[in-house]
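Trainee: Just to be clear, the model below is a prediction. Sequence and coordinates:
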Number of protein chains: 2
Amino acid sequence: MAAPLIVIGSFVSPYVRKVLACLILKGIAHEVDPITPFYGNDEFERLSPLRRIPVLVDGDFHVSDSSVICAYLDEAYPGHPLYPHDPRERARARWLEEYAGSRLGDLLIWDLFYQKIVRPLVWGEPGDAERIDRALNEGIPAALDYLEAELPADGYLFGDIGAADISIASFFRNGSYAGFEVDRIRWPRTAALVERVLHHPALATLLQFEDVQRGADIKGRRQALIDAGAPLTEGSWGVREPRRGLMRL
Amino acid sequence: MAAPLIVIGSFVSPYVRKVLACLILKGIAHEVDPITPFYGNDEFERLSPLRRIPVLVDGDFHVSDSSVICAYLDEAYPGHPLYPHDPRERARARWLEEYAGSRLGDLLIWDLFYQKIVRPLVWGEPGDAERIDRALNEGIPAALDYLEAELPADGYLFGDIGAADISIASFFRNGSYAGFEVDRIRWPRTAALVERVLHHPALATLLQFEDVQRGADIKGRRQALIDAGAPLTEGSWGVREPRRGLMRL
């Protein structure tokens, strides 16, 4: 049997969640090295020059960036397709994945989740209240208006669930960690798609690990995740000194 | 004969240059709508929700983001391959393209070109000198150290020239517009690859249009480009009010 793939990253990162859901969808054996976000030593930086999570390690090959990883998984492994077949639909899927990683990432992660949760909890400082307000009142509603016009009334974007659906929904889970829920009256398609994706078995499996991760302190986290059945690696790239940098959550 | 593809964007944008070089490499008929960077009306925002250039219009289909566009061109059109065939090499090509668009974009465009050229010329204000210094003394040397270890001693990254080579070199052309040249003694592989790519016929063709664009004022630019033989569209999405925003150069 081939060695399992290794994903370096945290269960609460929207980018890591997306890659793990794609691995589960495709039925690819994998283990997780649950590195603490914003930590990471020189070996981590060698594997991920932009200090982003997740990193995928597949034998003697490694690569970072969640979109690059998902494209690789789809091309190197059989099973559930992550992208549609038609070139125009594939381009649209990649574009929506980029829009999610870029725009929803800025709004739901950096403007909201990072300010409301990470800065107080990880860095012991208050978040930027004005930035949070601007995201809630301007940026997020505009992004939701855009998505609402792009998303289907039911089902998924391109037939069965794929990387674009997962990518969009994954950011809203972090949004809900920061108290934000999509208004079902104002953006019914988006609210329903997010809910469908997050209740899909590939995503639901991950939710319990996220809950464990969020409920445990750094020292007890590894054991708590093992107890919950999370597929952790033996070794770890996780590290000592917190270090602000380019790392994506 | 099929209608030519349309690229909305400026000849001096590293992202537009990359897409145009890929179109030339593949021998795909195309026209350019040379929108002025940082300008763009509501119709432009409909085509490019993140207000980025380039936008590709292919009949009734359109998409933005240079990486998404290049992947689409490679999948929808025959001719010179833009990405290697092997899944691991493809992932590495995509990763290097992402590294260029993301890290070299931050350093060479936003820290250098934008501060030294765009802010004084377009916005009539001085650039951030500290930011320029930090990029020149820290960020850019670190990025060059990384690239130097990744790039080949001669030839291109994956056999013949492709999207990853073009993407990397394209940012250094904007760097040189801001007075930065790669030190051939310290980073010989990077300096040589950038030079090889920029002297490739697909890129060299574009250089003359860039020179015309840079030498003409906004009002005379269109005619000057036509006189130089640039394949411009009849219509235009170009617009009135300069507007700071998310738009990539």
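Mentor: Yes, it's here. Residues are numbered from 1 along each chain as shown, chains lettered A, B, ... in the order given.
Trainee: show me what contacts A:F158?
Mentor: A:Y83, A:P84, A:E89, A:R92, A:A93, A:A164 (Cβ atoms under 8 Å, 6 or more residues apart in numbering or on different chains). All C-beta atoms are positioned from the backbone trio N, CA, C, and that covers glycine.
Trainee: The last one contacts A:G101, correct?
Mentor: No: with contact taken as Cβ atoms under 8 Å, A:A164 and A:G101 are classed as non-touching, separated by 10.6 Å.
Trainee: neighbour count winner among these two?
Mentor: When neighbours are counted by other Cβ atoms under 10 Å in any protein chain shown, A:A164 comes out ahead of the other of A:A164 and A:G101, with 28 against 22.
Trainee: and that one, what element?
Mentor: Assigned by DSSP states H and E, A:A164 belongs to helix A:163-177.
Trainee: just A:L56 next, same as before
Mentor: Secondary-structure element containing A:L56, defined by DSSP H and E: strand A:55-58.
Trainee: before we move on, what about A:H85?
Mentor: Counting by DSSP H and E, there is no helix or strand that carries A:H85.
Trainee: now A:A204
Mentor: With secondary structure defined by DSSP H and E, A:A204 is part of helix A:201-215.
Trainee: What residues sit buried inside the following helix or strand past that helix?
Mentor: Following helix A:201-215 in sequence order, the next helix or strand is helix A:218-227 (DSSP H and E). By neighbour count, with 16 or more other Cβ atoms under 10 Å in any protein chain shown as the criterion, the buried positions of helix A:218-227 are A:R221, A:R222, A:A224, A:L225.
Trainee: Tell me the buried residues in the helix or strand of chain A with the lowest mean pLDDT?
Mentor: Confidence across the helices and strands of chain A bottoms out at helix A:42-47, with a mean of 82, counting by mean pLDDT, DSSP states H and E. Within helix A:42-47, the residues that qualify as buried by neighbour count (16+ other Cβ under 10 Å) are A:F44, A:E45, A:L47.
Trainee: Same check on stretch A:154-161?
Mentor: Within stretch A:154-161, the residues that count as buried by 16+ other Cβ under 10 Å are A:Y156, A:L157, A:F158, A:I161.
Trainee: I'd like those residues as TSV, with distance to B:L107 and secondary structure appended.
Mentor: Compiled in TSV, the buried residues of stretch A:154-161 are given as follows (distance: Cβ to Cβ, whole Å; DSSP: H, G, I helix; E, B strand; the rest coil):
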residue	distance to B:L107	secondary structure
A:Y156	38	strand
A:L157	34	coil
A:F158	36	coil
A:I161	37	coil
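Trainee: before we move on, back to that, which other helices and strands does the helix holding A:A204 contact?
Mentor: Secondary-structure packing of helix A:201-215 (3 or more Cβ pairs under 8 Å, 6 or more residues apart in numbering or on different chains; DSSP states H and E): helix A:14-26, helix A:163-177, helix A:188-199, helix A:218-227.
Trainee: which parts of chain A sit against chain B?
Mentor: Applying the criterion Cβ under 8 Å from any Cβ of the partner chain, the portion of chain A that neighbours chain B consists of A:49-50, A:61, A:63-65, A:67-69, A:71-72, A:75-76, A:87-88, A:90-92, A:94-95, A:98-99, A:102-103, A:146.
Trainee: 6 Å - rerun?
Mentor: If contact is defined as Cβ under 6 Å from any Cβ of the partner chain, the residues of chain A in contact with chain B are A:49, A:61, A:63, A:65, A:68, A:72, A:75-76, A:87-88, A:91, A:94-95, A:98, A:146.
Trainee: which two from those residues end up farthest apart in space?
Mentor: Checked with Cβ to Cβ, those reach their widest spread between A:F61 and A:Y146, with 35.8 Å between them.
Trainee: neighbour-wise, which of those two wins?
Mentor: For A:F61 versus A:Y146, the count of surrounding residues by other Cβ under 10 Å is larger for A:Y146: 17 against 14.
Trainee: so what's the more buried one closest to, chain neighbours aside?
Mentor: Of all residues beyond its chain neighbours, the one nearest A:Y146 is B:P49 (5.4 Å), with distances taken as Cβ to Cβ, 6 or more residues apart in numbering or on different chains.
Trainee: Hmm, the one you found is touching A:A143, no?
Mentor: No: with contact taken as Cβ atoms under 6 Å, B:P49 and A:A143 are classed as non-touching, separated by 8.6 Å.
Trainee: In terms of neighbours, single out the busier of these two.
Mentor: Here B:P49 and A:A143 are set side by side on neighbour count (other Cβ under 10 Å), and the busier one is A:A143, at 22 against 18.
Trainee: can you tell me the helix or strand for that one?
Mentor: helix A:140-150.
Trainee: Quick check: which helices or strands does that helix pack against?
Mentor: Of the remaining helices and strands, those touching helix A:140-150 by 3 or more Cβ pairs under 6 Å, 6 or more residues apart in numbering or on different chains; DSSP states H and E are helix A:188-199.
Trainee: The same query, at a cut-off of 10 Å, please.
Mentor: Applying 3 or more Cβ pairs under 10 Å, 6 or more residues apart in numbering or on different chains; DSSP states H and E, we find helix A:140-150 packed against helix A:87-99, helix A:163-177, helix A:188-199, helix B:42-47.
Trainee: Convert the C-alpha atoms of the third one to CSV, please.
Mentor: The C-alpha atoms that make up helix A:188-199 are tabulated as CSV, following Å, rounded to 0.1, in the frame of the first residue of the first chain:
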residue,chain,number,x,y,z
PRO,A,188,-30.9,32.5,-0.3
ARG,A,189,-28.8,30.7,-2.9
THR,A,190,-25.5,31.4,-1.2
ALA,A,191,-26.9,30.5,2.2
ALA,A,192,-28.3,27.2,0.9
LEU,A,193,-25.1,26.3,-1.0
VAL,A,194,-22.9,27.0,2.0
GLU,A,195,-25.2,24.8,4.1
ARG,A,196,-25.3,22.0,1.6
VAL,A,197,-21.6,21.9,1.3
LEU,A,198,-20.9,22.1,5.0
HIS,A,199,-23.3,19.3,5.7
